[in-house]
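Engineer: give me coordinates for this.
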Amino acid sequence: MKIEKILLPVDGSECSLKATEYTLDFVNSRGADIILMYSHKPFPSFLGEPYFQEVHDKIMNNAREMMEPFRERFAAAEIPVDERILEGVPGENICRVAKIEKCDLIIMGSRGVTDLKGLFLGSVTHRVLHRAPCPVLVIK
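Structural biologist: Numbers count the residues shown, from 1 in each chain. Coordinates of the predicted model:
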């Protein structure tokens, strides 16, 4: 099985960092293109100007800030990545990007920043496992 394109969704969690390290090792040994992805909450539609623009800018700045350690890790390893910052439900966005980009593999953490005690898998991971158009490698 040739893996040419990997989707790595991140959310700033410890599991995302572990998935990133695994992806780095995987790419170093096999080679593949990487899409680094983050999905933020929807922008509030009820705000008018100038408040909407202020909230939009804050959410986008937070998203770029959250992605920075992941971006830096790939840059340090001299591995280029494409980035996607999307608005909406993470599980749906991950599956949509994997399908549109024709990804061969999704590598993601088992639980994100919103994990709840007692759950074996996070809800986003669970959704992706059931709806992804390609294999999913879950890193614990």
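Engineer: now for the lengthiest helix in the chain, which elements pack on it?
Structural biologist: The residue-count maximum for a helix in the chain (DSSP state H) belongs to helix 51-76. The contact analysis (3 or more CB pairs under 8 Å, 6 or more residues apart in numbering; DSSP states H and E) places helix 51-76 against helix 14-30, strand 33-40, strand 81-87. Every C-beta, even on glycine, is put in place using the N, C-alpha and C of the backbone.
Engineer: in it, what's buried?
Structural biologist: Buried residues in helix 51-76, defined by neighbour count with 16 or more other CB atoms under 10 Å: 59, 63, 66-67, 70, 73-74.
Engineer: now swap in stretch 126-134 and tell me
Structural biologist: So stretch 126-134, judged by 16+ other CB under 10 Å, has buried residues 127-128, 132, 134.
Engineer: so where's this protein shaky on pLDDT?
Structural biologist: Scanning the chain for pLDDT under 70 picks out 111-122.
Engineer: and with 80 instead?
Structural biologist: Scanning the chain for pLDDT under 80 picks out the ranges 1, 43-49, 52, 111-122.
Engineer: what's around the nearest residue to residue 138 once chain neighbours are set aside, how many residues?
Structural biologist: Excluding the flanking residues, the one nearest residue 138 by CB to CB, 6 or more residues apart in numbering is residue 110, at 5.0 Å. Residue 110 has 18 neighbouring residues, counting by other CB atoms under 10 Å.
Engineer: lovely, talk soon.
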